[in-house]
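**Student:** all I have is the shape, not the residue letters:
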C-alpha cells in the first residue's frame with residue numbers, strides 16, 4: 001500500500017498539458033492509504049506491542065489538534081445552485097471525468113441557503129457507488145444516537161458488550177470510535193490480505209487476538225477497521241438489529257435518502273458500481289461491514305452531512321463533541337475524531353480546513369467534507385485508482401466567482 005500524499009494537491013487540469021497532468025497525478029495519492037479497507041496502512045503492527053495492559057494509559061502520541069468548532073449549519077434547499085456556479089461545476093466535472101477515466105463517478109456540492117449541484121455517471125444496472133470508510137460516520141452516528149438514548153455509554157468498557165477483545169476491560173466504546181483502543185486491524189493481517197473475502201466479526205476478532213493489543217488504550221492512535229466492525233456488533237446488541245438495519249431505520253429512511261443503501265455485511269453488492277483497479281484484487285464492498293457500510297450517490301451523501309451538521313440527527317453538543325479530541329493520523333494535516341476527520345493543510349494556494357471523512361480501497365476512492373471557508377459541503381466518489389481529494393478541492397474552488 002502506497003503512502004498517502006503529503007498534502008492535498010490541486011490538479012490544474014486546464015493549464016497543464018495532458019502528459020504533465022498525468023505525471024503530476026501519479027505523485028498524488030490523496031490520502032487513500034489512510035482509509036484503506038483492503039490493504040495495510042503506513043503504520044505496521046511491528047511498530048507497536050503487543051502489550052499487556054492493566055490500566056488505561058496517558059496519551060503519548062504526536063501532538064493533538066485543538067478542538068475544532070462545529071457551528072450549526074443552515075438548511076440546504078432542494079434547488080439547483082445559481083446558474084453561473086452550476087456551469088463552472090459542470091465544467092470541472094467534465095475535466096474530472098476526462099482525467100480519472102473512472103467507470104463510475106458521482107459528485108455533489110451543497111451550499112446552505114442556496115442549493116445543491118450534482119452529477120453522476122454509473123452503469124444503469126449498478127448506479128450506486130461505494131463510499132468505503134467515509135461510511136464510518138454513519139456507524140458513528142448510530143452509536144452516538146444509542147448513547148443519547150441511554151442504551152449504551154461511550155465510557156462502557158468494550159468487554160461489557162463483547163468478550164475476548166484485547167484490553168477489552170480497559171478500552172471503551174469511545175476508544176473504538178476514535179481509533180485509540182490499540183486494536184490491530186484484521187484486514188492488515190498478512191494471511192487475511194492474501195485471502196481477501198468477507199470475514200464476520202467473530203473471525204476478525206480471532207485475528208486480532210493473535211496479534212494482541214498494540215498499545216494500551218488511550219496511549220496512541222491507530223486506524224482500526226476492526227474497531228468499527230466491533231461497533232457494529234455493539235449496535236446489534238444494544239439496538240437489537242444489524243448495523244445495516246439500524247442505519248436504514250435511523251438515518252436513510254427518516255432523511256429520505258433514496259439513493260443510499262446500507263449493505264448487509266457480507267451480503268453482496270448488487271446494484272453497486274464494480275470496483276476497478278490495476279493494483280490488486282478488489283474487494284466486494286459488502287465485506288467492509290460496519291467499517292464502510294454505505295453506497296449511493298454524492299447528492300445524498302451531502303444531504304446526510306447537511307443533516308448531521310444541522311443538528312437533525314444528533315444534538316448540537318454531541319456533534320460538536322465529535323471534533324473535540326482530534327488525534328494526528330499518519331500524515332501531517334489529517335486528524336481523527338469520533339467518526340469524523342479534520343483536514344488542516346495547505347494546497348499551495350490557500351489554507352484548507354475540511355471536516356468530513358475520506359475513504360478508499362483498491363478500485364474506489366471517496367471524500368465528503370464541509371469547508372467552513374467556502375460554506376459548502378463537497379462529496380466525490382469514483383471507481384478506479386484515481387484520487388477524489390483533488391477533485392473535491394477543484395469543485396470547491398469553482399464556487400468563487402459570479403453566480
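**Tutor:** Perfect, thanks for sending it. Keep in mind that this is a model prediction, so the values were computed, not measured. Residues are numbered from 1 along each chain as shown.
**Student:** so what touches stretch 251-258?
**Tutor:** 138, 141-142, 260-262, 296, 300, 303-304, 307, 312-313 (Cβ atoms under 8 Å, 6 or more residues apart in numbering). Quick note: C-beta positions are derived from backbone N, CA and C, even for glycine.
**Student:** what segments of this structure are strands?
**Tutor:** With DSSP state E as the criterion, the chain has strands at 105-111, 115-121, 129-130, 261-262, 294-296, 327-328, 334-336, 341-346, 351-361, 364-371, 376-383.
**Student:** ok, back up a step: buried subset of the contacts of stretch 251-258, written for ChimeraX?
**Tutor:** Listed next is the ChimeraX selection for buried residues among the contacts of stretch 251-258, using 16 or more other Cβ atoms under 10 Å:
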select :138,141,142,260,261,262,296,300,303,304,307,313
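**Student:** switch the contacts of stretch 251-258 over to a markdown table; also include pLDDT and distance to residue 337.
**Tutor:** Rendered in a markdown table, the data for these read as follows (pLDDT from 0 to 100; distance: Cβ to Cβ, whole Å):
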| residue | pLDDT | distance to residue 337 |
| --- | --- | --- |
| 138 | 98 | 15 |
| 141 | 98 | 13 |
| 142 | 99 | 16 |
| 260 | 98 | 22 |
| 261 | 98 | 26 |
| 262 | 98 | 22 |
| 296 | 98 | 23 |
| 300 | 98 | 23 |
| 303 | 98 | 21 |
| 304 | 98 | 17 |
| 307 | 98 | 18 |
| 312 | 97 | 19 |
| 313 | 98 | 16 |
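**Student:** partners of residue 383 in the sheet?
**Tutor:** Beta-bridge partners of residue 383, counted by DSSP bridges, are residue 364.
**Student:** need the contact list for it.
**Tutor:** Contacts of residue 383 by Cβ under 8 Å, 6+ apart are 102, 103, 104, 105, 129, 130, 273, 274, 275, 276, 363, 364.
**Student:** per-residue pLDDT, it?
**Tutor:** pLDDT, the model's per-residue confidence, is 98 for residue 383.
**Student:** quick one on the thing from earlier: out of the strands of the chain, which is closest to residue 224?
**Tutor:** Between residue 224 and the strands of the chain, the shortest separation by Cβ to Cβ is 10.8 Å, and it involves strand 334-336.
**Student:** who does that closest one touch, helix- and strand-wise?
**Tutor:** The contact analysis (3 or more Cβ pairs under 8 Å, 6 or more residues apart in numbering; DSSP states H and E) places strand 334-336 against strand 327-328, strand 341-346.
**Student:** buried deepest among the ones you listed, which one?
**Tutor:** Among those, the stretch with the highest mean neighbour count (mean count of other Cβ atoms under 10 Å) is strand 341-346, at a mean of 21.
**Student:** tell me the mean pLDDT for it?
**Tutor:** Mean predicted lDDT for strand 341-346 stands at 91.
**Student:** for it, what is the distance to the chain centroid?
**Tutor:** Taking Cα atoms, centre = their mean, to the nearest Å, one finds the center of strand 341-346 at 14 Å from the center of the full chain.
**Student:** that strand pairs with which strands, parallel or anti?
**Tutor:** Strand pairing for strand 341-346, using DSSP bridges, gives strand 334-336 (antiparallel), strand 351-361 (antiparallel).
**Student:** coming back round to it: and the furthest pair within the contacts of stretch 251-258?
**Tutor:** When Cβ to Cβ is used, the two most widely separated members of these are 261 and 312, lying 20.0 Å apart.
**Student:** circling back: wait, which of the strands of the chain is closest to residue 218?
**Tutor:** For these, proximity to residue 218 was assessed by Cβ to Cβ; strand 327-328 is nearest, at 10.5 Å.
**Student:** what's the closest one packed up against?
**Tutor:** Right, strand 327-328 is packed against strand 334-336 by 3+ Cβ pairs under 8 Å, 6+ apart.
**Student:** buried stuff in the strand it packs on?
**Tutor:** Residues of strand 334-336 classed as buried under the neighbour-count rule (16+ other Cβ under 10 Å) are 334, 335, 336.
**Student:** closest one to residue 317 among the strands paired with strand 341-346?
**Tutor:** Comparison of the strands paired with strand 341-346 against residue 317 by Cβ to Cβ identifies strand 351-361 as nearest, at 16.1 Å.
**Student:** how about that closest one, which residues are buried there?
**Tutor:** Within strand 351-361, judged by 16+ other Cβ under 10 Å, the buried ones are 352, 354, 355, 356, 357, 358, 359, 360, 361.
**Student:** ok, and what's touching stretch 85-92?
**Tutor:** Outside stretch 85-92, the residues that touch it by Cβ under 8 Å, 6+ apart are 80, 81, 109, 117, 119, 391, 394, 395, 398, 399, 401, 403.
**Student:** gap between the closest residue to the last one other than its chain neighbours and residue 380?
**Tutor:** The shortest distance from residue 403 to any residue other than its chain neighbours is 3.7 Å, reached at residue 82 (Cβ to Cβ, 6 or more residues apart in numbering). Distance of residue 82 to residue 380, given as Cβ to Cβ, to the nearest Å: 21 Å.
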